[in-house]
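[1] Sequence plus predicted model, see below.
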Amino acid sequence: MKNQSLTEAKPNNRLAQYLKNERAGRGMSLREVEVATNNEVSNAYLSQLENGKIAKPSPHILYAVAMALDLKYEDLMERAGYLGPPATEDAGKKHGRAATSAIENLTVDEEVELREYLNFVRSRKVK
């Protein structure tokens, strides 16, 4: 188990049940998920996640699990409490998505503008 802080607190049932259901739905054992994460996340740690004993796993752990189970990383980040729900079209509502989570207090309009600029920058690199 690499760099996995065991943040013990109240169970995060939203994340725990989701992970358990998704893994079981794919017919994967805890050990198979461990292997799929290149042993980045141990089966014992996964078991604790699924049982809600780890309240807030680190983002890199969530990323490894998301890749192993073919899940959206942002969904796991939201369920773990790192992100708020997706922004709506309501003007002035604050964001909470991964791409701009390091910049606080963006409005929906500002987030849209940042995404448009990012798309522009990326389009210039693809030739």
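    Thanks, I have it. Numbering: from 1, shown residues only.

[2] So for stretch 61-79, first residue to last residue, what's the gap.
    13 Å (C-alpha to C-alpha, to the nearest Å).

[3] and whatever helix or strand Arg124 lives in, what does it pack onto?
    Applying DSSP states H and E as the criterion places Arg124 in helix 108-125. If you count contacts as 3 or more C-beta pairs under 8 Å, 6 or more residues apart in numbering; DSSP states H and E, helix 108-125 packs onto no helix or strand. (Each C-beta comes from the backbone N, C-alpha and C, glycine too.)

[4] Report the mean confidence score over it.
    Mean pLDDT, helix 108-125: 75.

[5] likewise stretch 60-69?
    Mean predicted confidence for stretch 60-69 is 93.

[6] Pull the number of nearby residues for His109.
    Slight slip there: residue 109 is Asp, not His. 11 (other C-beta atoms under 10 Å).

[7] where does it sit relative to Val121, distance-wise?
    19 Å (C-beta to C-beta, to the nearest Å).

[8] cool, and Ser29?
    For Ser29, the distance to Val121 - C-beta to C-beta - is 42 Å.

[9] And these two? Which one has more around it.
    Neighbour tally, Ser29 and Val121, criterion other C-beta under 10 Å: the higher count belongs to Ser29, 12 against 9.

[10] Contact partners for the residue nearest to the more buried one when sequence neighbours are not counted?
    Using C-beta to C-beta, 6 or more residues apart in numbering and skipping residues adjacent in sequence, the residue nearest Ser29 is Asn43, 7.7 Å away. Going by C-beta atoms under 8 Å, 6 or more residues apart in numbering, Asn43 touches 29-31, 33-34.

[11] now swap in Val65 and tell me
    Contacts of Val65 (C-beta under 8 Å, 6+ apart): 19, 33, 37, 41, 46, 49, 71, 76.

[12] same check, this time on Asn39
    Contacts of Asn39 (C-beta under 8 Å, 6+ apart): none.

[13] What is the distance between the helix or strand of the chain with the lowest mean pLDDT and the centre of its chain?
    One helix or strand of the chain scores below all others by mean pLDDT, DSSP states H and E: helix 108-125, with a mean of 75. Chain-centre distance of helix 108-125: 22 Å, with C-alpha atoms, centre = their mean, to the nearest Å.
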